[in-house]
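Asker: Below: sequence and its predicted model.
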Amino acid sequence: MMNLLKIVYEAGIVGAGGAGFPTHKKLSGEFDTVIVNAAECEPLLESDRCVMRNYAAMIAEALSVIRRETGASRVVIGTKKKYEREIAALRSAFAEAGADFEIFGVSSFYPAGDEQVMIYEITGRTVPPGGIPLALGIVVLNITTVLDIWRALHGVPVTEKLVTVTGEVKRPVILKTPVGTRVTDCIAAAGGTLVDPWMLIKGGPMMGRQFGMSEAEAQTIGKADGGLIVLSPDHALPTFSRKPLKRMINEAKSACIQCSYCTELCPRYLIGHKMRPHRVMRSIATGTNQNDLTDAVLCCECGICELFSCPMRLSPRRINVYVKGILRSSGAKLEDRSIYPEHAKVRDYRRIAQKRFIARLELGKYDHHIDEVVEYTPKTVSIPLKHGVGRPSEPVVSVGDVVNRGDVIASVPFDDVGCVIHASIDGVITCTDGQINITREERTRT
Ligand code: SF4
Ligand code: SF4
């Protein structure tokens, strides 16, 4: 087991599904079940499907090693039923490897790929409010993380990403590109934009971060990134997100009709958590019942309440984010950690079909399957020193050093939360201040 953790640490693997938690830390917990998340939580993204289609044998091999080394008794792939071609590829690879890994297909709803929702779908159990899956003896790995583990087992660290580039681009693609590639290079590799001006969502449309054109210039692909969506700044999504916080709070005070639709459709409420956004809105509006405010810490920020449920177009999600910040700085803790199984009784009728959700977000015209994988290697990369949860890595190279792809360029100790970082292209180090820049040139080591 220790050997596997060391291999994963040295390869610099972090969760590829979003938060970028170091995978060696995750695997060091005690668990008997491994759930592989291959449900592509966010609309429009296609990278998980691409991994299932093209790397099924590698997934089977890596999971066999993970099961052997960790002693896990159950391995389940959680994906969407509609991914028939991908499920067939996995089944055939598992049969070839003689592995009895389960494949669990969920219906196509949002947010099927939310870690806690996925656990509920597969096991019928609720992760304790404020807790993590290990509390149930479960570890959840994104399918791309499993592919990264396979590469690590073969001596290859994390240096490249599969990134869905879609939206208002000429040729939507899945780009296979080095970590540190500028997002503007990725957009150019997808044929450029169809609109001008444009804005960018890095990640999925619901939980991704939004950037204007000039801000996007400074953005590069990190280890936890899997999607770039180009939209017109006039699109409903960015327009809605630009609403200032003060206005949202005023709207909560003046326009929330306490219909509680936000709560009734909240996926965390529906797995039995005391997540009641309408109560948070009421507390913000009236300044009473501070206990209700602590519900906000249970919010996974999926955005259903503000972009689907609320008839008044209010923003319970952003209010929750605001309240979470206040609670963190005041040290307030969640007091009621009970699970309410009765919330889940209506769950089957309240899942939101992905198609309907995409239509509501006015993203229907970009909702197409992308088969094409394009390899793209830029002349320069700019690699962040932080790739998710944890502390930034310390550079171990200096300006002028010549590096080859795969060389360690920054590190954190094994026991710290963070990740080792490797050169993603051959070249010369041109900056180590805040990020590591590498420029390709002929003169590299052999
Ligand atoms: S859905 Fe909107 S109006 Fe209804 S309670 Fe929630 S925030 Fe208020
Ligand atoms: S964003 Fe809204 S719907 Fe999603 S978990 Fe938070 S409160 Fe619930």
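Answerer: Cool, the structure landed. Numbering: from 1, shown residues only. Ligands and ions are numbered 1, 2, ... in the order given.
Asker: So which residues of the stretch 301-446 of the chain form helices?
Answerer: Listed in chain order, the helices found in the stretch 301-446 of the chain under DSSP state H, counting those that start in this stretch are 304, 316-330, 347-350, 354-360.
Asker: Against which helices or strands is the shortest one packed?
Answerer: Counting by 3 or more CB pairs under 8 Å, 6 or more residues apart in numbering; DSSP states H and E, no packing neighbours are recorded for helix 304 among the helices and strands. Just so you know, the C-beta spots here come from the backbone N, C-alpha and C atoms, and that holds for glycine as well.
Asker: ok, and what's touching that helix?
Answerer: Outside helix 304, the residues that touch it by CB atoms under 8 Å, 6 or more residues apart in numbering are 110-111, 265-267, 352, 357.
Asker: any chance of the helices of the stretch 301-446 of the chain in a markdown table, with distance to Leu44 too?
Answerer: Output for the helices of the stretch 301-446 of the chain, formatted as a markdown table (distance: least, CB to CB, whole Å):
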| stretch | distance to Leu44 |
| --- | --- |
| helix 304 | 16 |
| helix 316-330 | 19 |
| helix 347-350 | 23 |
| helix 354-360 | 8 |
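Asker: I figured Glu69 hits Asn3, correct?
Answerer: Yes: with the criterion set as CB atoms under 8 Å, Glu69 and Asn3 qualify as a contacting pair; they are 7.4 Å apart.
Asker: who has more neighbours, the two?
Answerer: The neighbour comparison of Glu69 against Asn3 (other CB atoms under 10 Å) goes to Glu69, with 15 against 8.
Asker: Skip the chain neighbours and tell me the closest residue to Ile143.
Answerer: Nearest residue to Ile143 in three dimensions, chain neighbours excluded: Ala38, at 4.0 Å (CB to CB, 6 or more residues apart in numbering).
Asker: Check the burial of the one you found by counting its neighbours.
Answerer: Per other CB under 10 Å, the neighbour tally for Ala38 reads 28.
Asker: Which one, of the helices of the stretch 301-446 of the chain, ends up nearest to Ile7?
Answerer: Each of the helices of the stretch 301-446 of the chain was checked against Ile7 via CB to CB, and the shortest separation belongs to helix 316-330, namely 34.6 Å.
Asker: which strands and helices sit next to the closest one?
Answerer: Under the contact definition 3+ CB pairs under 8 Å, 6+ apart, helix 316-330 sits against helix 245-255, helix 277-286, helix 290-293.
Asker: Near ligand 2, which residues of the stretch 151-300 of the chain? Just list them.
Answerer: 266-268, 275, 277, 299-300 (CB under 6 Å from any ligand atom).
Asker: Taking the residues you listed, please make a ChimeraX selection of just the buried ones.
Answerer: The following ChimeraX line selects those of those that are buried, judged by 16 or more other CB atoms under 10 Å:
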select :266,267,268,275,277,299,300
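Asker: among the residues of the stretch 151-300 of the chain next to ligand 2, which are in reach of ligand 1?
Answerer: Pro277.
Asker: hang on, the earlier thing: which one of the helices and strands packed on helix 316-330 is the most hemmed in?
Answerer: The densest packing among the helices and strands packed on helix 316-330, expressed as mean neighbour count by mean count of other CB atoms under 10 Å, is seen in helix 277-286 with a mean of 23.
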